[in-house]
Structure formats: C-alpha cells, structure tokens
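In: Sharing a model prediction with you, sequence too.
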Number of protein chains: 2
Amino acid sequence: MSRVLVTGARGFIGRHTLAPLCAAGLEVHAVSSHEPSRAVLPPGDVVRWHHADLLDPGSAAALIRGVRPTHLLHLAWYTQPGVFWTSLANLDWLQASLSLLRAFGEAGGQRAVLAGTCAEYRWERHTHCVEGRTPVCPATLYGAAKHSLHVLAHAWARQVGVDLAWGRVFHLYGPHEHPDRLVSGVARALLHGEHADCTDGHQVRDFIYVSDLSAAFAALLSSDVTGPLNMASGEPVSVADVVAAVAHATRAPQLVRMGALPARPAEPERLTADVRRLREEVGWTPTVSLREGVQRTVEWWREADAGAGAAVVDAEARAAVSPRAGESPR
Amino acid sequence: MSRVLVTGARGFIGRHTLAPLCAAGLEVHAVSSHEPSRAVLPPGDVVRWHHADLLDPGSAAALIRGVRPTHLLHLAWYTQPGVFWTSLANLDWLQASLSLLRAFGEAGGQRAVLAGTCAEYRWERHTHCVEGRTPVCPATLYGAAKHSLHVLAHAWARQVGVDLAWGRVFHLYGPHEHPDRLVSGVARALLHGEHADCTDGHQVRDFIYVSDLSAAFAALLSSDVTGPLNMASGEPVSVADVVAAVAHATRAPQLVRMGALPARPAEPERLTADVRRLREEVGWTPTVSLREGVQRTVEWWREADAGAGAAVVDAEARAAVSPRAGESPR
C-alpha cells in the first residue's frame, strides 16, 4: 500500500488534501507543527497525525524514519501574508525542505510532489505562464527560494531515481484563508457592515477555490506526471469580478469602493496560467465555480466570525482585516 | 580599511587570491578547514589565518562575528574530481554558503563575490556562454546547487543591500591542481615516462591559468561590478592544443596517444565564455599564455614529484593519476 506523508497538513491547502488522498486509497500520514485538530480530519477517514517542526534540525529525518513514506506531498512553508515575500524564513524553509527530501530518498521514497509558486516566473505586464517556456526569474526572495528548491529537487530526484513533480500555485481563496487576503478581507469587511476599499480591480488573475487546488495536488500525487506544473483553474477573472462575487454573496455591494486604493504599478495587469499539463496529463479539472466558491467562503466567515466572536476563528485568522485587491500567491 | 574574508583560501583558486588582495590594500583574513601552510602565504604580506570548517553549523556565524569583514570572497566548495558532479555534499555546501551569507549581512558586510560555474549554463553541442543571455539550466547536481545559490544570493543581496557578484568559473589549470585533471594528469604521465591516453582532443574550451583566475577574482572583488560574470581567459583552445603544450613542455610528445580514449557524446564540442563583462567592466585581462602556464605547471609537477617522492605532493594531490581529456570545470 502506498503511504503518503503530507507536510503543512493543517495549512490552507494541506487540510483539504487529506480527504482526497484517503479516497484515493493511500495511507495518509499528516505532519504539522500545530497540534492536530479534529476539525481538519475528513469524517470517517483515518489520518495518522504527527507533530513536528520541520525547521528543527533532525526532525525531518526522524519523522521519515518513523513513517517510511513511499510518497511525499510537501506543502509546508512560511506564508505570513505581506511578510513572506521578503522573510529570511524562506531560506530556513529551503534548508528544511532539502533535509526532508534527502531523508525521503534515503528511506526509499518513490514519488514526491512539492508546492512551487507562480512567483517563480518572470512577471511582465502581461504574463501567461507556460511551464518550460515562460522564463523563470523570480523577483522576490520567496520566489527565489522556491525556484532554488525546484532546481535542486529536480537535479537531486533525477540523480537518485525519485519521481518528482513541482506544482506552481497561482491565486487561491476559500475557507481558512488568512483574513488579510482579497476574498477573505472583502468578505469580512462587508459582513461587518464596513467599507471595503479596493483598487480599480482591472488586474486579471487565475483564481482557484482552495479545495479544488488541494484535490489537484492529490490527483497530481497519484499520477505519474513529473516536472513543473501550473496548479490553477485555467479560468482567469478580473479582481473586480472576484470582488463583485463577494459583494453578491454578502448582499452588500454598496459597501465596495472600487478604485479607492491606488493601482500598484509593479503588478502585472494579467498573470494567468496555462493548465494544459494539469488538465491533459493529470486529467484534473476544477469543480467549484467562482460564484460557488465565494459563496462558501462568505458562509464560512459568517459562521466563524459569528460563532462565538473572534475566539473561534482559527489561529491562522487572527490578524486584523485589511482588504487588498492585489492578492498574494501562496 | 576594507577587510576581506576569503573562504577556501588554501584551495586551488583561493591560495592565489591572497597576494593580489593584499596588494590591493585589503586586510586579508583567510579561512580554511585545513591547517594553514606557510607555502600559500604571499611573502612579505600579512594574511590572518582562521581555521574553521564551514560545514559545522554555527561556524560561519562565529567566524564572521570575530572577523567582521566588509568584503567576502567565497570560494570554498566540494571539488573532488569525478565525484563533485553528483555528490550530496553540494547540498551541504549550499546550506553552509547561505549561513555564511546571512552572517555576513547581519554583521554589516558590504560586498560579496562568490564562485559559480560554467556548469550552470545549458550545454548545447556548441555553447558560447553570455551572461544574462545564454539559458541557465544545469544538468548536474553540482550545477544545480551553484545555480540555486546564485538565485538565492542574488535575491537576498538585493533585499538586504549587499553588493554581490557571481563569478562563473570555466576551465582552469596550474600548480596544485588535482592530479586527475587534464593538464596535471598528462603532465605527470609524461614526466614519469608513461603513455598519456587522450580523446581525439577536438573539444574546444576556455582554459585559464589558475593565478590569472585568482587575480581576476581579486579584481572583481575590488570593483563595483555586480551580477553574474564569466571568469575565463576569453581565449578558446582545443584540448589537443592543451595536450600539445604539455607534450612540448615535457619534451615527450611521443608518449601522447590522441584518440586512444573514446569521445564522450554528452560533452559539448565547444564550450566557450564571453568575457566582455570581465574585460570591459572589471577591466581585467589575462597575463599568462597557455604555453607559459603549461610550462609552469609542468615545472611545478617536476619539482613536486621529484622533491622527496610522493610525500611532498600536497594533500590535494594524492590520488592516482588518470589522465582524462574531458576536463571538469571547478
């Protein structure tokens, strides 16, 4: 039986990978530096939880020795909004990821899937990202650390005979998202009866609902596709469309102030993903429309914020709301 | 006064950087995991030696705290011929290099020069390497680790305000070279009256005499040029020309057997360096011709091997001679 170790298993993407991985018949081992929570366990499925901080030297090796996974889904990274672009924690996570990979290979691991980012690509004004064709030239320390990990992991995997796929994450949203991000920020403001100040919203991005992205990662892990793949819906929308969907779901369009924030000149106007590898080689397509995904996200925030005040909001969701139209990729 | 820390200071390139750095008026601190040797000290110059293994966690930080260098020349890496292409030590050196850079930045370091490699470039049949234009796509773990370090160091340096240059080393030769390499291997065989089996020698490479390369690194460090630079002579020669120069210097051309070894199909026919950045921006040109450099190398081997038998040959030069026409870049 195939045995997968999922890192970052309590994170935004990771928590939604567990159910599809169980459904695919894998023995699922989940690791998180947070204490495991019942809330992220797929009902009726058996996920074996491990508590470890992969940044501790030696912890990856000990974990791998204990689990001896055949498969690895490595999603853990430093993702604090606003800060992650420049944090030196990116270097720590690169090192931790290399230790994890080496231990995985030494223990006989067969297939690894790692999370990359659209921030590896060179962002022009209009960038349609095609794997292996669009230049990779990260402008940030975050993108550089992810790109470096890909370069190293690719060379290492080829040499030691591990199958490796690298899933470049584009823009995502959904329940459990950090409240500083676009959909969550606007949703919470509108739900609280506050104004949501946005840019003009003309930027076009590829947004994907988080459980769709997680399912795509699970499908990629179960496939034999290797190399870099864009993990995205393939359905570009404008930021204005996304905000309109939130306004619709909250029934508070009058609180949205498009154009109240200045455009960010350094940002691409269009940043979109070619998803042919994901659709044709992995055979995966998204199932949740923007309207449906936004509706679910708004409902989740309504319950999370209303349930028992701020106290029930997840640990990830404690920071103040500060809606921004220019969403950061993971 | 500027204070430079040189890593790998007892190595093939490093040992020849000390004199030009002293001559440029820098306070030179040299670090090596080997015990310092009088033989590498430039006569009359003051080099402060530090004994440290940068692979030990914490050693880089302790060293930097003690020295507080304004400049860093980072040459140390794993370079065992034949093995370095695939060794997992490349990952260790990436990590050690990142630790060194971070400590350097935290201690107020201003300018760093690091050694890269021509193996970062994508090698086609004929590749003339131009910085920023020729695709970077390493085929080996060594090249991947160096390229990764460059990507990270570049992003880190821009963010923290350190000036950083990245010198991509092409093919080199000279005294103290590992005896498995082309010039040393052929020279020792011929000096011992043995046959030297070579490929047909049609491969064209950029060879540079080691002290020229070291002087180029010293010049780069003292300049304000940043980004990637090819560190090479800009004077391509065929491997057959190099072997002929060795045969001439040893006066044993009859012992050379060109074509006795099969060509290596995976090797580029031409791998040459565009050196405009080095010549025009740094203002550095080589001073030692191939004939002169080979003559010096042959003389060095004659003395080293003859002095008191194998015992006087440096620690780097203990392995058996096995002449190969396809030289490995550092």
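Out: Arrived safely, thanks for sending. Numbering: from 1, shown residues only, chains lettered A, B, ... in the order given.
In: Might you report the residue contacts of residue A:115?
Out: Neighbouring residues of residue A:115 by Cβ atoms under 8 Å, 6 or more residues apart in numbering or on different chains: A:8, A:13, A:74-75, A:77, A:167, A:169, A:217, A:231, A:330. C-beta coordinates here come from the backbone N, C-alpha and C atoms, glycine included.
In: Quick one: name the residues of chain A near chain B.
Out: Contact residues, chain A versus chain B (Cβ under 8 Å from any Cβ of the partner chain): A:57, A:86, A:88, A:91, A:94-95, A:98, A:102, A:138, A:140-141, A:143-145, A:147-149, A:151-152, A:154-156, A:159.
In: Repeat the analysis, applying 7 Å as the threshold.
Out: A:86, A:88, A:91, A:95, A:98, A:102, A:138, A:140-141, A:144-145, A:147-148, A:151-152, A:155-156, A:159 (Cβ under 7 Å from any Cβ of the partner chain).
In: Please name every helix or strand in contact with whichever helix or strand residue A:187 is part of.
Out: Residue A:187 belongs to helix A:182-191 when assigned by DSSP states H and E. Helices and strands touching helix A:182-191, by 3 or more Cβ pairs under 7 Å, 6 or more residues apart in numbering or on different chains; DSSP states H and E, are strand A:196-197, helix A:239-250, helix A:290-307.
In: give me that answer again for 8 Å
Out: strand A:171-173, strand A:196-197, helix A:239-250, helix A:290-307 (3 or more Cβ pairs under 8 Å, 6 or more residues apart in numbering or on different chains; DSSP states H and E).
In: Secondary structure for the contacts of residue A:115 - can I get that in TSV?
Out: Listed next are the contacts of residue A:115 as TSV, based on DSSP: H, G, I helix; E, B strand; the rest coil:
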residue	secondary structure
A:8	coil
A:13	coil
A:74	strand
A:75	coil
A:77	coil
A:167	strand
A:169	strand
A:217	helix
A:231	strand
A:330	coil
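In: re the thing from before, out of the helices and strands packed on helix A:182-191, which one sits most buried?
Out: Burial of those is given as mean neighbour count (mean count of other Cβ atoms under 10 Å in any protein chain shown); strand A:171-173 ranks first at a mean of 26.
In: who's in contact with that strand?
Out: A:12-13, A:118, A:181-184, A:205-210, A:213, A:232, A:242, A:293-294, A:297, A:327, A:329-330.
In: Give me the sheet partners of that strand and which way each runs.
Out: Here strand A:171-173 is paired, per DSSP bridges, with strand A:204-209 (parallel).
In: I'd like to check the angle between the partner strand and helix A:239-250, please.
Out: Orientation of strand A:204-209 against helix A:239-250 (axes from the mean of the first three to the mean of the last three Cα atoms, to 10 degrees) gives an angle of 40 degrees.
In: quick check: mean pLDDT across strand A:204-209?
Out: Across strand A:204-209, pLDDT averages out at 97.
In: which other residues reach that strand?
Out: A:170-174, A:216, A:231-239, A:242, A:269-273, A:286, A:288, A:290, A:292-293, A:296, A:327.
In: quick check: angle from that strand to helix A:290-307?
Out: Per the same axes, to 10 degrees, the angle that strand A:204-209 makes with helix A:290-307 is 60 degrees.
In: residue farthest from the centroid of chain A?
Out: residue A:254 (30.8 Å; Cα atoms, centre = their mean).
In: And the pLDDT at it?
Out: In this model, residue A:254 carries a pLDDT of 96.
In: List the buried residues of stretch A:58-74.
Out: Under the neighbour-count criterion of 16 or more other Cβ atoms under 10 Å in any protein chain shown, stretch A:58-74 has A:59-61, A:63-64, A:67, A:69-74 buried.
In: circling back: what distance do you get for the residue farthest from the centre of chain A to residue A:238?
Out: As judged by Cβ to Cβ, to the nearest Å, residue A:254 and residue A:238 stand 20 Å apart.
In: which residues touch the residue of the stretch 151-300 of chain A found nearest chain B?
Out: In the stretch 151-300 of chain A, the residue found nearest to chain B is residue A:155; the distance is 3.5 Å by Cβ to the nearest Cβ. The neighbourhood of residue A:155, defined by Cβ under 8 Å, 6+ apart, consists of B:138, B:140-141, B:143-145.
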